[in-house]
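**Q** just need the structure, nothing else, for what follows:
(one chain, ligands or ions: 3)
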Amino acid sequence: MACRCSICTSSDERDRRLRSAIMITHDDRNVVIDSGPDFRQQMLREDVRTIEGIVFTHEHKDHIAGLDDVRAFNFINNWRAQVYCTEQVGGALKREFAYAFSDKKYPGVPEIDLNIIDSGDFAVGELTFTPIQVYHLHLPVFGYRVGRFAYITDANVIPEEEFEKLKGLDVLVLNALRREKHPSHFTLEEAVALAQRIGAKQTWFTHISHQLGLHEDVETELPEGMHLAYDGLRLEVAL
Ligand SMILES: [Zn+2]
Ligand SMILES: [Zn+2]
Ligand SMILES: [Zn+2]
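**A** Ligands and ions are numbered 1, 2, ... in the order given. Reported below is the predicted structural model:
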């Protein structure tokens with residue numbers, strides 16, 4: 001908001017970014033990872049009619065703020081939102097959306113079931129999620145592996161022991177915020193080095209700041225098999 005830099009005023013649609021989130025569609029069933037402030041807009045844009053589960057990476061506002069809007073899916077599908085998150089993230093959701101978890105509920109508040117997860121694998125419908133423990137400065141964040149796909153947002157540390165879970169990937173989505181050092185996000189240079197180490201067939205960078213540069217320019221300098229993700233991007237992945 002309010003920025004007039006060349007990225008924020010670019011006419012290239014790929015430079016117009018909503019907050020980071022993804023949706024995995026499998027057999028016409030949809031699992032969303034994170035529901036940030038743009039959740040409603042993203043669901044409308046993609047014409048999503050049903051959701052099977054919402055999996056959270058961490059409790060920062062840009063990843064949880066849109067959860068209230070599950071009300072539409074509550075009403076239309078008679079579905080209680082099935083949320084999958086750690087105890088810590090669940091605590092944050094109860095604080096942020098206290099009205100949805102109170103004993104005396106106001107009519108029409110979001111209907112949410114918290115499914116508390118830990119570092120072990122868990123299932124959402126037919127999909128198996130493997131949490132990958134990463135850190136965002138000191139804050140624990142979960143990346144997730146599903147089949148030969150992995151999604152790691154909001155991190156600047158991947159502990160050595162977690163690399164085992166990132167072997168044999170077809171597609172990796174990895175956080176690359178900008179070029180300058182940042183206390184809690186990977187820079188582009190750090191993300192490229194990590195992507196090379198992990199060795200997925202394709203790596204797509206996400207959670208990109210306007211400070212990174214124009215999509216078109218950055219794209220040309222990336223090594224083979226690495227790309228900048230953009231809103232609305234769809235990837236097909238074998239499970
Ligand atoms: Zn800008
Ligand atoms: Zn964050
Ligand atoms: Zn974030």
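**Q** as a quick check, tell me the outermost residue of the chain.
**A** Lys104 (32.0 Å; C-alpha atoms, centre = their mean).
**Q** what is the mean pLDDT for stretch 90-103?
**A** Mean per-residue pLDDT for stretch 90-103: 97.
**Q** what separation do you get for Val171 and Tyr151?
**A** Distance of Val171 to Tyr151, given as C-beta to C-beta, to the nearest Å: 9 Å. Just so you know, the C-beta spots here come from the backbone N, C-alpha and C atoms, and that holds for glycine as well.
**Q** more neighbours: which of these two?
**A** Between Val171 and Tyr151, Tyr151 has the larger neighbour count (other C-beta atoms under 10 Å), namely 26 against 18.
**Q** check what pLDDT the more buried one gets.
**A** So Tyr151 comes in at 98 (pLDDT).
**Q** near ligand 1, which residues of this structure show up?
**A** Cys3, Cys5, Cys8, His210 (C-beta under 5 Å from the ion).
**Q** just among those residues, which is most surrounded?
**A** Counting by other C-beta under 10 Å, top hit in the residues of the chain next to ligand 1: His210 with 16 neighbours.
**Q** backbone dihedrals for that residue, please?
**A** Main-chain torsions, His210, degrees, to the nearest 10: phi -60, psi -20.
**Q** show me what contacts it?
**A** When contacts are counted by C-beta atoms under 8 Å, 6 or more residues apart in numbering, His210 is found next to Cys3, Cys5, Ile7, Cys8, Asp15.
**Q** same question for Pro37.
**A** Pro37 neighbours (C-beta under 8 Å, 6+ apart): Arg19, Lys61, Asp62, Ala65, Gly66.
**Q** recalculate using a threshold of 6 Å.
**A** Arg19, Ala65, Gly66 (C-beta atoms under 6 Å, 6 or more residues apart in numbering).
**Q** need these in JSON lines (columns: neighbour count).
**A** Converted to JSON lines, those look like this (neighbours: other C-beta atoms under 10 Å):
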{"residue": "Arg19", "neighbour count": "20"}
{"residue": "Ala65", "neighbour count": "18"}
{"residue": "Gly66", "neighbour count": "23"}
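**Q** quick one: which of these is nearest Gln196?
**A** Relative to Gln196, the closest of the contacts of Pro37 is Arg19; by C-beta to C-beta it sits at 27.3 Å.
**Q** verify the contact between that closest one and Ser35 for me.
**A** No. The criterion here is C-beta atoms under 6 Å, and Arg19 misses it with Ser35 at 9.4 Å.
**Q** circling back to that earlier point, and which of the contacts of Pro37 is nearest ligand 3?
**A** Closest approach to ligand 3 among the contacts of Pro37 (C-beta to the ion): Arg19, at 7.1 Å.
**Q** how about the residues of the protein by ligand 3?
**A** Asp62, Asp154.
**Q** ok, longest strand in the chain?
**A** strand 127-136 (DSSP state E).
**Q** list the buried residues of that strand.
**A** Residues of strand 127-136 classed as buried: Leu127, Phe129, Thr130, Pro131, Ile132, Gln133, Val134, Tyr135, His136 (neighbour count, 16 or more other C-beta atoms under 10 Å).
**Q** with stretch 158-178 instead?
**A** So for stretch 158-178, counting by 16+ other C-beta under 10 Å, buried means 158, 162, 165-166, 169-178.
**Q** do stretch 70-90 as well
**A** In stretch 70-90, counting by 16+ other C-beta under 10 Å, buried: 70-74, 81-86, 89-90.
**Q** I'd guessed Arg124 sits against Val32; true?
**A** For the record, residue 124 is Val, not Arg. No. Using C-beta under 6 Å, Val124 is not in contact with Val32, being 9.8 Å away.
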